[in-house]
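Student: Generate coordinates for the sequence data below:
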Amino acid sequence: MKTQYSYLNFPTSFRFSDLYLPLILGLLFSLSAFGQTEINKNGFVIESKTILIENSSTNNVEISWDFSNSTNRTATTLNIEVQPINDCWNTLNGKNRSDMVLKTFKNLAENPTGNLLLSSREYNTKCFKWRAQIINTNTRQEQYTDWQFSSFL
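Tutor: Below you'll find the predicted structure:
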């Protein structure tokens, strides 16, 4: 006796709308959430590097930026958010140690390049995470970079 197998072993009461409707709605909600955090990095560079200190067990961290090629720097404000964290081995997932510190730089039209020097003594921590917030002062649009992990060790 020959047995026939169905390629789709769905119950007879299953409707494809039961699968596709939640999938499409979930996709639409996730796309709108990701669109709010994207940043167009054309025209500027933000980076960090470790600055070695002689005869010290800790280092400094320098965050620098260059908006020289940005066409809208007269209407741009740069905020650097620094969040000290406790458990450095968890990097970006570490527990927050204290309140976040916000450093604001408004004069990008006159000074398109600059840096921020961070020390362990200033923040009383061994590591931290940071991100940049770029604000268009004309449209009040805010954009964020991804969080970055840095260590003073």
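
Student: in the chain, which spans are strands?
Tutor: Per DSSP state E, the chain carries strands over the ranges 45-51, 60-66, 76-85, 101-105, 113-118, 127-136, 141-144, 148-151.

Student: so which of these gets nearest K95?
Tutor: strand 76-85 (6.3 Å; Cβ to Cβ). To be clear about C-beta, it is placed using only N, CA and C from the backbone, and glycine gets the same treatment.

Student: can you list the residues that contact the closest one?
Tutor: Contact with strand 76-85 is made by 63, 65, 67, 70, 94-98, 100-106, 108, 116, 118, 123-125, 127-137, as judged by Cβ atoms under 8 Å, 6 or more residues apart in numbering.

Student: Among the residues you listed, name the buried ones.
Tutor: Buried positions within those, assessed by neighbour count (16 or more other Cβ atoms under 10 Å), are 63, 65, 67, 70, 94, 97, 105, 108, 116, 118, 123, 125, 127-135.

Student: so where is the protein shaky, pLDDT-wise?
Tutor: Residues of the chain that meet the criterion pLDDT under 70 lie in 1-42.
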